[in-house]
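Q: When you get a sec, could you give me coordinates for this:
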Amino acid sequence: MSRRITYFYSKPFYTSFGLMFNPCFGAPLIVFFGSIGGWIIFVPLLLAWAGIFYLILSVKSKKIKKAKEVYEFGYETTIYFQGIDYNYSVQVNGAPQPMILLRINSETIKVKTFNQRVIRAFDVPVQRTYMMDKYPDIILPENLFSMNMANPSTKLRSIDM
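A: I've put the predicted structure just below:
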């Protein structure tokens, strides 16, 4: 279950701009400016770069750690899938951002995501979920632990007419 939670909350490496930008462009810039300015410039730049890289990685690991805590110590409740709406103010490649509408008790929650794993995890009409009052932004659906996490094996082709 721990691997599924980690996979569910982690982004692919190539979609994390900060994670890609930092080693690819940050390290060569630090070496360049360090060679020009010497140790007085190189050491502070290296420390700043390492701090930024650490912060980028720690944000991801904190969310995964919280999700594992919710799975272990959270309570179970039932969620109801209400449908998918679209946020037209945020678009990627001309497509609006999907918003999954869920009902938990009497509260309606909108989950905004472009991630297909998240959409597939919540698209079951009624399912159990793990939640914790301490972390209201983390919801672990039961479908997460039973669905096929890999991309669908069938190829999809779309045609604009």
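Q: Show me what secondary structure element comes after the longest strand seen in the chain.
A: The longest strand of the chain (DSSP state E) is strand 75-92. For strand 75-92, the following helix or strand on the C-terminal side (DSSP states H and E) is strand 95-104.
Q: Not counting that following strand itself, show me its contacts.
A: Outside strand 95-104, the residues that touch it by CB atoms under 8 Å, 6 or more residues apart in numbering are 77-88, 90-91, 108-114, 118-119, 122-123, 129, 131, 139. C-beta: built from backbone N, CA, C; applies to glycine.
Q: could you give the mean pLDDT of that strand?
A: Predicted confidence along strand 95-104 averages 89 (mean pLDDT).
Q: and the helix or strand just after that strand, what's its mean pLDDT?
A: Note on strand 95-104: by DSSP H and E, the next helix or strand toward the C-terminus is strand 107-112. Mean per-residue pLDDT for strand 107-112: 88.
Q: By mean pLDDT, flag the weakest helix or strand of this protein.
A: In the chain, no helix or strand scores lower on mean pLDDT, DSSP states H and E than helix 17-21, which sits at a mean of 64.
Q: Please spell out which residues along the longest helix along the chain are buried.
A: Longest helix of the chain, by residue count under DSSP state H: helix 39-73. Buried residues in helix 39-73, defined by neighbour count with 16 or more other CB atoms under 10 Å: Phe42, Leu45, Leu46, Trp49, Phe53, Lys63, Ile64, Lys66, Ala67, Lys68, Val70, Tyr71.
Q: So what's the residue count around the nearest residue to Phe81 once chain neighbours are set aside?
A: Of all residues not flanking Phe81 in the chain, Pro125 sits nearest, at 5.2 Å (CB to CB, 6 or more residues apart in numbering). Using other CB atoms under 10 Å, Pro125 is surrounded by 8 other residues.
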